[in-house]
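[1] below: sequence and its predicted model.
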Amino acid sequence: MSPPRPLIVGTALLGAVAMLAGCSASTAPASTPDSQPKGELVFWSSLSGMADVVAAFNDSQDDITVTFEEIPNGANGGYTKLSAAIESGTGPDVVGIEYDRLPGFVASEQLTPLGDLVDAEVLDAYDPQVRELVSFADESYALPYDAPPLVVWYRQDVLEAAGAEVPTTWDEFEDAARAVKAYDSDVYLTSFFTNEPQLAPLSWQAGAEWFSIENDQWRVSVDDEASQQVADYWQRLIDEDLVKAQLGFSDEWAADLASGTVAGWVGGSWSASGLMTRTEAADQKGKWIAATPPSWNGEQAAALSGGTSFAITENTENAAAAAVFLEWLTTTTDAVQARGPVGTAYLAYPGLNETAASVAPVDYYANDIYAVFDEASQNLGSWAWGPSYDITAAALKESVATAPTLSDAITQTQQATVDGLSALGLEIAE
């Protein structure tokens, strides 16, 4: 009789502890295929524009044909569909997986290692901190696609009218929020999302490390000192009506941006296209700027806000061809150009962002947003995602919406994460 699924997952995750404990940027030299890989591949992704990218790849050569299928994003069941398909043997050859969910797929042994498929020079070209997000022990399991830095978007005209400078520290951010309120009591410097918690990247940027390995155990530190500092800070701004607590990406929030009720957004580089879509009809072109996130101690620190990698699943029967497509997808300007102006991706592979800027809607903004993205990517702190981050994400979303304070929310999320991982068979150090 087969062991129950939770036991299988728990055992796999326990194995991943040893893998993650040895996170390293080293990778075995890639083998060189005897002939040009050929064949047919299936590619799944929830990112917009990928159908055009696949069409461009297919037109670029005659040896490999890729069929694209758009799937829901993770919040709408995409990862559940992917995991079930891989388990049943019907998964795609290549798939997009966000960094926070990648460790779970690796731990469940659903992905193919890339060391013998992708040239080591390609892997070594990535920023070491970004590379760590896809590397476990001495192996890489995906190629990073984008590395979207945490940035803050401001209505420059509102800051100027309130007599406030672009904040460089979080103390200055609070001062700016007060100045905006004094200028117009109906206006908020920004929102705090109660359904799409921003606490993970904000805590990362403050120096938190929610997950790490200690003596072959997972250490869970969602409620560490840095995270509590972030929670208390935003709770104070909410309590004093300096920022608006509301549902992110809701109709109300979009209307507040368009009307000028909300004059900022703590988001990522990817936010630029969505911000333009929500505000261009309100004649706000040239009024918005991007800025690096404020610092806590006067020294700039960075974090990523989301981000996607592309991996080869264990189901593939043509890993060599999948690797050719994977490398083209993540490292070439042709792929960036083919995707077109559907977003403002900040690409992880060096040398691609000049092309990304050339196709993105950068003219909507009053400053050079890609120059800001460059700056906001410096000093990226150490961070690892947990072995089953969906547990943490679900708990964080629920607790932010229901707990008395944000401090209580992360304390509850800490306990829910420990309980959830323990139930999978993991030994947890707190």
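    Received, thanks. Not measured: the values here are computed from a predicted model.
[2] going forward, measure contacts between C-alpha atoms and count neighbours the same way
    Fine.
[3] against Val262, how distant is the closest residue to Gly74 other than its chain neighbours?
    Counting by C-alpha to C-alpha, 6 or more residues apart in numbering, Gly74 lies nearest to Thr80, which is 7.7 Å off, once chain neighbours are set aside. The spacing between Thr80 and Val262, counted by C-alpha to C-alpha, to the nearest Å, is 35 Å.
[4] which one's more surrounded, these two?
    Applying other C-alpha atoms under 10 Å to Thr80 and Val262 shows that Val262 carries more neighbours, namely 23 against 13.
[5] how close does the most centrally placed residue in the chain get to Trp270?
    Computing the C-alpha centroid of the chain and ranking residues by C-alpha atoms, centre = their mean puts Gly306 first, at 1.3 Å. Applying C-alpha to C-alpha, the value for Gly306 to Trp270 is 9 Å.
[6] thinking again about what came up before, mind checking which helix or strand the residue nearest to Gly74 is in?
    If you go by DSSP states H and E, Thr80 is part of helix 78-88.
[7] repeat for Val342
    Applying DSSP H and E, one finds Val342 in no helix or strand.
[8] equivalent analysis for Glu354, please.
    Using DSSP H and E, the element containing Glu354 is helix 353-359.
[9] next SSE downstream of that helix?
    helix 369-376.
[10] look at Ala137 and report its pLDDT.
    If you check Ala137, the pLDDT there is 81.
[11] ok, how many other residues are close to His99?
    That one is not His; residue 99 is Tyr. If we define neighbours as other C-alpha under 10 Å, then Tyr99 has 24 of them.
[12] helix, strand or coil for Thr67?
    strand (DSSP: H, G, I helix; E, B strand; the rest coil).
[13] show me the contacts for Glu174.
    Residues in contact with Glu174 (C-alpha atoms under 8 Å, 6 or more residues apart in numbering) are 237, 242.
[14] pLDDT score for it?
    98.
[15] ok, now how distant is it from Ala338?
    41 Å.
[16] again, but for Phe105
    Phe105 is 28 Å from Ala338, by C-alpha to C-alpha.
[17] which one's more surrounded, these two?
    Neighbour count, other C-alpha under 10 Å: between Phe105 and Ala338, Phe105 has more, with 22 against 18.
[18] heading C-terminal from the helix or strand encompassing that one, find the next helix or strand.
    In this assignment (DSSP H and E), Phe105 forms part of helix 102-107. Following helix 102-107 in sequence order, the next helix or strand is helix 120-124 (DSSP H and E).
[19] that next one: how far from the chain's middle?
    22 Å (C-alpha atoms, centre = their mean, to the nearest Å).
[20] from the chain's centroid, how far away is the helix or strand following it?
    Later in the chain than helix 120-124, the nearest helix or strand by DSSP H and E is helix 128-132. Relative to its chain's centre, helix 128-132 lies at 13 Å (C-alpha atoms, centre = their mean).
[21] next structured bit after the helix-or-strand element of the chain with minimal mean pLDDT?
    One helix or strand of the chain scores below all others by mean pLDDT, DSSP states H and E: helix 5-21, with a mean of 45. Counting by DSSP H and E, the next helix or strand C-terminal to helix 5-21 is strand 39-45.
[22] tell me the angle that following strand makes with helix 78-88.
    150 degrees (axes from the mean of the first three to the mean of the last three C-alpha atoms, to 10 degrees).
[23] quick check: buried residues in the helix or strand following strand 39-45?
    The helix or strand immediately downstream of strand 39-45 is helix 50-60, counting by DSSP H and E. If you call a residue buried by 16 or more other C-alpha atoms under 10 Å, then helix 50-60 has these buried ones: 50-58.
[24] show the average pLDDT along helix 50-60.
    Here the average pLDDT along helix 50-60 is 98.
[25] could you give the angle of it to strand 39-45?
    Using the same axes, to 10 degrees: helix 50-60 against strand 39-45 is 160 degrees.
[26] for helix 50-60, name the packing helices and strands.
    Judged by 3 or more C-alpha pairs under 8 Å, 6 or more residues apart in numbering; DSSP states H and E, helix 50-60 is in contact with strand 64-70, helix 319-331, helix 333-339.
[27] just the buried positions in the second one, please.
    What that stands for is helix 319-331. 319-331.
[28] any chance you could list what contacts it?
    Residues outside helix 319-331 that contact it (C-alpha under 8 Å, 6+ apart) are 33, 37-39, 41, 53, 57, 64, 93-94, 114, 117-118, 143-145, 310-312, 316, 335, 349, 352.
[29] can you do 7 Å?
    37-39, 41, 64, 93-94, 117-118, 143, 145, 310, 312, 335, 349 (C-alpha atoms under 7 Å, 6 or more residues apart in numbering).
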